[in-house]
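Chemist: I need the structure of the sequence given here:
(2 chains)
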Amino acid sequence: AQSVTQLDSQVPVFEEAPVELRCNYSSSVSVYLFWYVQYPNQGLQLLLKYLSGSTLVKGINGFEAEFNKSQTSFHLRKPSVHISDTAEYFCAVAYGKLIFGQGTTLQVKP
Amino acid sequence: AAGVIQSPRHLIKEKRETATLKCYPIPRHDTVYWYQQGPGQDPQFLISFYEKMQSDKGSIPDRFSAQQFSDYHSELNMSSLELGDSALYFCASGRALLGEQYFGPGTRLTVT
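Modeler: The predicted model follows:
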């Protein structure tokens, strides 16, 4: 069965600092992996995706993620965050439907 | 670029009433998904359609039903509403072979 675990429920960070949001997945088959961002009272926006190929995936807004098959991880990183990055971030694995992690609240402080 | 359209954006209903949520997928997408997101929770899969046929079913109550029509729009029908049905309901569309899904803005359902 597929499952996703986001290891941090909240990540506080100062503006312009780097950040990593951690995601581990469990799957018995090849996976498609995604990161979505949800701003307050809004829908889910696709940040980036891993379908195959290069394990380093670049997305929108300066985010990137690295697929690590041996560690079954798909951590999201950004070298320098902005106040506007404050939002909820969801990691998801696709098995037809999307199975989401519990979400990580990124709080960027000035 | 066209996005997924959901209507209405907000809906207030009383207990035991019926609600219908509509979704208009991105053109040429062959798959539609419905998700429910409770307060402070991650989205939970309800049901999906591939080329207008139901393809998968999640934790969808028997009080809920859904269908996809010939023009590819989809409707989620919810009857005998309960307080616990208050949530954000998302529709997503995508192309099955590509695995990605694009979400609509959601319908916020409040049951009083």
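Chemist: rest of the way, CA atoms for contacts and neighbours
Modeler: Fine.
Chemist: which non-adjacent residue is nearest whichever residue of chain A sits closest to chain B?
Modeler: Evaluated by CA to the nearest CA, chain A has A:G43 as its residue closest to chain B, separated by 4.4 Å. Leaving aside its sequence neighbours, A:G43 sits nearest to B:P105 (CA to CA, 6 or more residues apart in numbering or on different chains; 4.4 Å).
Chemist: quick check: phi and psi on that neighbour?
Modeler: phi -70, psi -10 (degrees, to the nearest 10).
Chemist: so which residues on chain A come close to chain B?
Modeler: A:32, A:42-46, A:49, A:51, A:90, A:94, A:96-103 (CA under 8 Å from any CA of the partner chain).
Chemist: just the buried members of those?
Modeler: A:32, A:43-46, A:49, A:51, A:90, A:94, A:96-103 (16 or more other CA atoms under 10 Å in any protein chain shown).
Chemist: okay, now the unreliable bits of chain B?
Modeler: Applying pLDDT under 70 to chain B picks out residues B:1.
Chemist: residues of it that sit close to chain A?
Modeler: B:33, B:41-45, B:48, B:56, B:90, B:96, B:98-100, B:102-106.
Chemist: out of the residues you listed, which sit inside strands?
Modeler: Those of the residues of chain B next to chain A mapping onto strands are B:33, B:44-45, B:48, B:56, B:90, B:102-103, per DSSP state E.
Chemist: what ranges does the chain have for its strands?
Modeler: Because you didn't say which chain, this covers chain A. Using DSSP E, strands in chain A cover A:3-6, A:10-14, A:19-21, A:23-26, A:32-38, A:44-50, A:56-58, A:64-68, A:73-78, A:87-95, A:97-100, A:104-109.
Chemist: I was after chain B.
Modeler: B:5-7, B:10-13, B:19-24, B:31-37, B:44-50, B:53-57, B:64-68, B:74-78, B:87-94, B:102-103, B:107-111.
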